[in-house]
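Undergrad: attaching a predicted model along with its sequence, questions to come.
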Amino acid sequence: MVARRICGFGLAMSAIASTGCAVNNADILHFLREHEHEVSAIEYRVGVPDRVGISAPRILEIDGEAQQIQPDGKITLRLIGGLKIVGMTSKEIAAKLEVLLSRYYVDPKVSVRVLAYNSKKYYVQGPGVMSGPRPYTGHDTLLDAVLASGADFQSWTRRVQVIRPAHGDTPVRRLEMNVDKMVKTGDWSQNILLEPDDIVYIPLTPLAWVGQQVRGLLLPVAPVARAYQTPSEFMDTNDRYENR
């Protein structure tokens, strides 16, 4: 019975491997167009509870400030008070600060950077990998996600899926990518840029999947096997003791 079920698992996985989730050129172009759009038009916009750092060498009141964005979307600074920055880029925050500080300083220069990306996430899932939410920085790629996942020889990196949730009228998008080939050839032309809430799913290889199913089938048998094995071990030990 166990052998028959294992055979069934093997046939099922052969079917999956032969069909899979075919790579569609239109889908690839869709993801890459979004990649280009994100890179050219959109910078990371801070949210609650991101943490930002401010550098302004000539303005001691705010130079070196590091603050977490509060639930109302604001940070509080000397000279300025409460300042709403949620939804702004680092450059926009710096420009706004320079305008406000011009009341007190001539030609103030300010730079702002994100110290902690806490407001947006992408997700890595799959058996045998370090699953869970990851901080989204605006520069995270598919390759970054896979390399940081702890994927090993059991991970089917030839069939990594990127799932992009629906947004408004845009439906859910799925794309299957051969990350293994990407790494071996050095061709990163399809190393898509991830977006917030993207899901990167790394499945097990067919062989690893079958092995997992076999272990699941044998798990209920293991206690029985141990029960039969233990008395014999005890008898062997007792015989050795008596023969001394």
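TA: Noted; the coordinates are in hand.
Undergrad: which stretches of this structure have low pLDDT?
TA: By pLDDT under 70, the low-scoring segments of the chain are 1-42, 208-209, 219-244.
Undergrad: can you pull the domain assignment for it?
TA: The record, using automatic domain parsing to delimit domains, assigns the chain the ranges 21-42+119-208, 51-116.
Undergrad: now these as a markdown table including mean neighbour count?
TA: C-betas here are computed from N, CA, C, even on glycine. A markdown table is the format used below for the domains of the chain (neighbours: other Cβ atoms under 10 Å):
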| stretch | mean neighbour count |
| --- | --- |
| domain 21-42+119-208 | 16 |
| domain 51-116 | 15 |
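Undergrad: wait, which of those is closest to residue 216?
TA: With Cβ to Cβ, the closest approach to residue 216 among those belongs to domain 21-42+119-208: 11.9 Å.
Undergrad: can I get the domains of the chain in JSON lines with distance to residue 218?
TA: Formatted as JSON lines, these follow (distance: least, Cβ to Cβ, whole Å):
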{"stretch": "domain 21-42+119-208", "distance to residue 218": "16"}
{"stretch": "domain 51-116", "distance to residue 218": "46"}
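Undergrad: show me where this structure has its strands.
TA: Secondary structure of the chain (DSSP state E): strands at 51-55, 66-68, 74-77, 81-84, 111-116, 121-125, 132-135, 160-164, 173-177, 199-201.
Undergrad: which residues are in contact with the fifth one?
TA: So that's strand 111-116. Outside of strand 111-116, the residues within contact range by Cβ atoms under 8 Å, 6 or more residues apart in numbering are 44, 46, 50-56, 66, 68, 90-91, 93-94, 97, 135, 137.
Undergrad: sorry, back to before: switch the strands of the chain over to TSV; also include distance to residue 141.
TA: Formatted as TSV, those follow (distance: least, Cβ to Cβ, whole Å):
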stretch	distance to residue 141
strand 51-55	23
strand 66-68	27
strand 74-77	30
strand 81-84	31
strand 111-116	18
strand 121-125	10
strand 132-135	12
strand 160-164	10
strand 173-177	11
strand 199-201	10
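Undergrad: quick one, which of the ones you listed is nearest to residue 149?
TA: Of the strands of the chain, nearest to residue 149 by Cβ to Cβ is strand 121-125, at 4.9 Å.
Undergrad: please tell me how far that closest one is from the chain's geometric centre.
TA: Here strand 121-125 is found 4 Å from its chain centre; the criterion is Cα atoms, centre = their mean, to the nearest Å.
Undergrad: tell me the strands beside it, with direction?
TA: strand 132-135 (antiparallel), strand 199-201 (parallel) (DSSP bridges).
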